[in-house]
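1. next come a sequence and a model predicted from it.
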Amino acid sequence: GVEGLQFLDRLIAKRKAMGGTSSFANAIDAGAGVGRVTKLILLRRYGSVHLIEADPTWSKRSRVYLGRKRANICTFTCGRLEELDFSTYSSPVDLIWLQWTLQYLTDVDAITTLRNLATALIANGVLVVKENRPYGAARSDRFQMDTPDCSGRYDITRSDAHHRLLFERAGLHVDVAEQGEETNTYAVKCTQGM
């Protein structure tokens, strides 16, 4: 939570320094799970958050986790990010936070998801992507695939170069990148002309 809030504050400071607006009305928490990012990061800087989660159980739990007061200023959608159409989103947002979600998607679905989400951003809006990265003895030039519980679920840990290729293919460019001990966090924007 603290690390993510500090990253967001640096983005906000950069935006203000470049003459951008200082008001931040709404954001999207994409792949929201139980709503941890919304509660600990986004609602501390945004007036409202739209949570999108594919799993109906997690989507319902997020309302409880957030509590009535926070949940009342949020909206909720249950759906797969790669299947949703954001081009008709009624209220474009200046920030979308996508954390530990691409790791469950194939490259094709990840690109589709990134493209879809980008259509919900205002001009010069930011898509924050936080994902695990290979670390320790793992090779940084290859992705890793893990099937933690042998249930058919898998997750893919991609290298920095791999993530950047996905962003490029989705028509996005990296504005800011930070490397944590086990994660990479990116602020990406739409490439001009997209």
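-> Looks like it arrived, so ask away. Numbering: from 1, shown residues only.
2. could I get the full set of helices for the protein?
-> Under the criterion DSSP state H, helices of the chain are mapped to 2-17, 36-40, 56-71, 107-118, 160-169.
3. list the buried residues for the first one?
-> By neighbour count on 16 or more other C-beta atoms under 10 Å, the buried set for helix 2-17 is G4, F7, L8, L11, I12, R15. Placement of C-beta: from N, CA and C, glycine included.
4. do the fourth one as well
-> When burial is assessed from 16+ other C-beta under 10 Å, helix 107-118 yields the following buried residues: A110, I111, T112, T113, L114, R115, N116, L117, A118.
5. and stretch 165-175, by the same measure?
-> So, applying 16+ other C-beta under 10 Å, buried residues of stretch 165-175: L166, F167, A170, G171, L172, V174.
6. from R68, how far off is the third one?
-> This points to A170. 37 Å (C-beta to C-beta, to the nearest Å).
7. what's the answer for the fourth one, then?
-> Counting by C-beta to C-beta, the gap from G171 to R68 is 39 Å.
8. sorry, back to before: now mean pLDDT too, for the helices of the chain, in CSV please.
-> Conversion of these to CSV gives the following (pLDDT from 0 to 100):
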stretch, mean pLDDT
helix 2-17, 91
helix 36-40, 97
helix 56-71, 96
helix 107-118, 95
helix 160-169, 95
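9. quick one: which of those helices is nearest E83?
-> Minimum separation from E83 across the helices of the chain (C-beta to C-beta) falls at helix 107-118, 8.3 Å.
10. give me the contacts around that closest one.
-> Identification of contacts with helix 107-118 by C-beta atoms under 8 Å, 6 or more residues apart in numbering yields 28, 30, 81-82, 84-86, 96, 98, 101-102, 105, 127, 129, 166-167, 169-172, 188, 190, 194.
11. which members of the buried residues of stretch 165-175 are the farthest-apart pair?
-> G171 and V174, at 12.6 Å, using C-beta to C-beta across the buried residues of stretch 165-175.
12. taking the centroid of this structure, which residue is nearest it?
-> In the chain, the centroid-proximal residue (C-alpha atoms, centre = their mean) is L98; its distance is 1.1 Å.
13. for the closest residue to that residue other than its chain neighbours, give the beta-bridge partners.
-> Leaving aside its sequence neighbours, L98 sits nearest to A30 (C-beta to C-beta, 6 or more residues apart in numbering; 4.5 Å). Applying DSSP bridges to A30 gives these bridge partners: I52, L98.
14. was I right to think A30 contacts L95?
-> No - under the criterion of C-beta atoms under 8 Å, A30 makes no contact with L95, lying 10.6 Å away.
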